[in-house]
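# 3D model of this:
(3 chains)
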Amino acid sequence: MAEDSQRNFRSVYYEKVGFRGVEEKKSLEFLLKDDRLDIEKLCTFSQRFPLPSMYRILVWKVLLGIIPPHHESHALVMKYRKEQYRDVYHALQVIRFIKDTTPQIEVFLRMHQLESGTLPRNVSFPLELEDVVFLAIAKAMEEMVEDNTDCYWLVSSFVNQLNNKYKDLLPQLPKFLEQYLNFEDNRLLAHLRACSAFSKLPYTLWFKKCFAGCLPESSLQRVWDKVISGSCKILVFVALEILLTFKMKIMALTNAEKITRFLENIPQDNTDAIVSKAIDLWHKHCGTPVHLV
Amino acid sequence: YLEDVKIQARGQLQAVESRYKAQKRITQTFELEILDLYGRLEDSLLKKLEDEKTEAAE
Amino acid sequence: YLEDVKIQARGQLQAVESRYKAQKRITQTFELEILDLYGRLEDSLLKKLEDEKTEAAE
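Predicted structure coming up:
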């Protein structure tokens, strides 16, 4: 009994200072020891817990299919990935699309465009919305990932996941947001509707860019853990929690543009708490993934 | 175990295939670039010829 | 049988590998062509600039 309460106390303490993961980390390490990684279990783990930062890149790479489940193949497959990176990079230099001074995220964009056959005829062509989205995601990823090859592959695969797997679901997220906001705080929803702000919320920033450029990277990666492991619905709850957190401020504003502008530039000091609460809300409404380890 | 070997092989194959596809995209891109460059070279040659003609006529 | 699957997998891997290499050789040829064309284009632009300078001086 005494031991139990002590343990609980410690858990609460760990949670507060961010070390809750001691046991979670152990169970993830156990999963990562397998010769052949169990993708499904890794997904479930990432859905339930924040990934320890030392394993995040590895798990993301596995979940996004950049490296295969077999440990034994990782070195060989990464060798192929690196060669492909160099091939495409060099090609862009040859056709003078990039120079040594080109910012890294723009290099990534051009590489991605070349690989997907959407490279414009000319380097000075204006950017499409999807290019702007790509750049925002790349900029955030650049802050999280040190190695350029890893970073390119992660951005590119992440964007591909959004464009393929979540293609049909992403446009529906504003509708879900409306439903859950109605459930959680219908007065706030009524206010947003009354000043015609609901249809003008920063949906591109929230749902296309997945909060890249909205949340600082340390909070953002905990949201992306969920997106990469299979749930883009988490985005709805982050948006919902942002609305709930800044309710007072929003209620005081009556102009749609002002509301949008505020939401596009939310204060960065308590975003960790926002993400934690968003994850709780998401578990509350969508259930906690079970069958772990 | 057999299934395991198959999955492992597929993982490797997928990566080599992606590298091959990228290389193919590069070839296509280069092809377009070459056409474009020839076009520009011809334009500049034509313009030069015209300029020379105008000069001769003056 | 397992050995069979392994041999087959290796065969597939090699096939894509050799396709990749062939494609890469094409890319390299195109690359030289592009470099050459850029060189010619620049020459012709430079010459034009020089001609214009000479004309202006006359």
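# report the central residue of chain A.
A:Trp224 (2.4 Å; CA atoms, centre = their mean).
# how about whatever residue of the stretch 51-200 of chain A ends up closest to chain C: what's its closest non-neighbour residue?
Relative to chain C, the nearest point of the stretch 51-200 of chain A is A:Val94 (5.3 Å; CB to the nearest CB). C-beta here means a position set from N, CA and C on the backbone, and glycine is covered the same way. Of all residues not flanking A:Val94 in the chain, C:Glu31 sits nearest, at 5.3 Å (CB to CB, 6 or more residues apart in numbering or on different chains).
# does that neighbour lie in a helix or a strand, and which?
Per DSSP states H and E, C:Glu31 falls inside helix C:2-57.
# check the offset of that helix from the chain's centre.
Here the centre of helix C:2-57 is set off from its chain's centre by 0 Å, with CA atoms, centre = their mean, to the nearest Å.
# between that helix and helix B:2-57, how many degrees?
Orientation check (axes from the mean of the first three to the mean of the last three CA atoms, to 10 degrees): helix C:2-57 against helix B:2-57 gives 20 degrees.
# correct me, but A:Cys214 touches A:Lys208?
No - with contact defined as CB atoms under 8 Å, A:Cys214 does not reach A:Lys208; the gap is 11.3 Å.
# the two: which is more packed in?
A:Cys214 (24 against 21; other CB atoms under 10 Å in any protein chain shown).
# what sits closest to that one if chain neighbours are left out?
In space, A:Cys214 is closest to A:Leu205, 5.2 Å off (CB to CB, 6+ apart).
# residues in contact with that neighbour?
Taking CB atoms under 8 Å, 6 or more residues apart in numbering or on different chains, we find A:Leu205 in contact with A:Phe211, A:Gly213, A:Cys214, A:Glu264.
# and for A:Phe246?
By CB under 8 Å, 6+ apart, the neighbours of A:Phe246 are A:Phe262, A:Leu263, A:Ile266.
# in helices, which of those appear?
Using DSSP state H, the members of these that fall in helices are A:Phe262, A:Leu263.
# what about stretch A:121-134, how long is it end to end?
End-to-end distance for stretch A:121-134, by CA to CA, to the nearest Å: 19 Å.
# say whether chain B is contacted by that stretch.
Yes - counting by CB under 8 Å from any CB of the partner chain, chain B has neighbours in stretch A:121-134: A:Arg121.
# check contacts around the residue in the stretch 51-200 of chain A positioned nearest to chain B.
Closest contact between the stretch 51-200 of chain A and chain B, by CB to the nearest CB, is at A:Pro68 (2.6 Å). With contact set as CB under 8 Å, 6+ apart, A:Pro68 has these partners: A:Val62, A:His74, A:Val77, B:Ile7, B:Gln8, B:Arg10, B:Gly11, B:Gln12, B:Gln14, B:Ala15.
# nothing else from me, thank you.
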